[in-house]
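Asks: what would the 3D arrangement of this be:
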Amino acid sequence: MTSSSNGRGAAQTTLPWTTTEEITLCTAWCNAMDTTFKEHLEEEAKAEKKRAIYDKELEEFLKAEQAHDELLRMEFWVKSDSEYETY
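Replies: Predicted coordinates:
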C-alpha cells in the first residue's frame, strides 16, 4: 500500500496502480506529448513560411526602391551619396 498526503493532516492509504492503469496513464501522457510536439512543429513551419514571404517581399521592395533611385539619378543627374567628395 502507498500513502499519500492530502495536505490536510494525516496521510491516506491508497492502493497501488494496476499495470493496466499505469499503461493507460503512460499512453495518455505520451499521446498528449506527441500532439503537443506536432502542434509546435506545425506552428514553427507556419512561422518559417511567413518569414520567407516577408523576406521575399522585403527583397522585392528594396530592389524596386533601388531601381527607382537609379532612375532619379539618371533622369536628374543626381549624385548618389557615395559620389560626393568628402573632405
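
Asks: out of the helices and strands in this structure, which is least certain?
Replies: None of the helices or strands of the chain scores lower by mean pLDDT, DSSP states H and E than strand 2-5, at a mean of 53.

Asks: the one helix or strand Glu44 maps to - contacts with which helices or strands?
Replies: Counting by DSSP states H and E, the element that carries Glu44 is helix 19-76. In terms of contacts (3 or more C-beta pairs under 8 Å, 6 or more residues apart in numbering; DSSP states H and E), helix 19-76 is packed against no helix or strand at all. From N, CA and C alone the C-beta is placed, and that goes for glycine too.

Asks: how far off centre is that helix?
Replies: Its chain's average C-alpha position is 7 Å from that of helix 19-76, according to C-alpha atoms, centre = their mean, to the nearest Å.

Asks: pLDDT averaged over that helix - what is it?
Replies: Per-residue pLDDT values across helix 19-76 average out to 93.

Asks: only C-alpha atoms, please: export the next helix or strand after the least confident helix or strand of the chain in PDB.
Replies: For strand 2-5, the following helix or strand on the C-terminal side (DSSP H and E) is strand 11-14. In PDB, the C-alpha atoms belonging to strand 11-14 read as follows (Å, rounded to 0.1, in the frame of the first residue of the first chain):
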ATOM      1  CA  ALA A  11      -2.000  10.700   5.000                       C
ATOM      2  CA  GLN A  12      -4.500   8.400   3.300                       C
ATOM      3  CA  THR A  13      -3.700   4.900   2.300                       C
ATOM      4  CA  THR A  14      -4.300   4.200  -1.400                       C
END
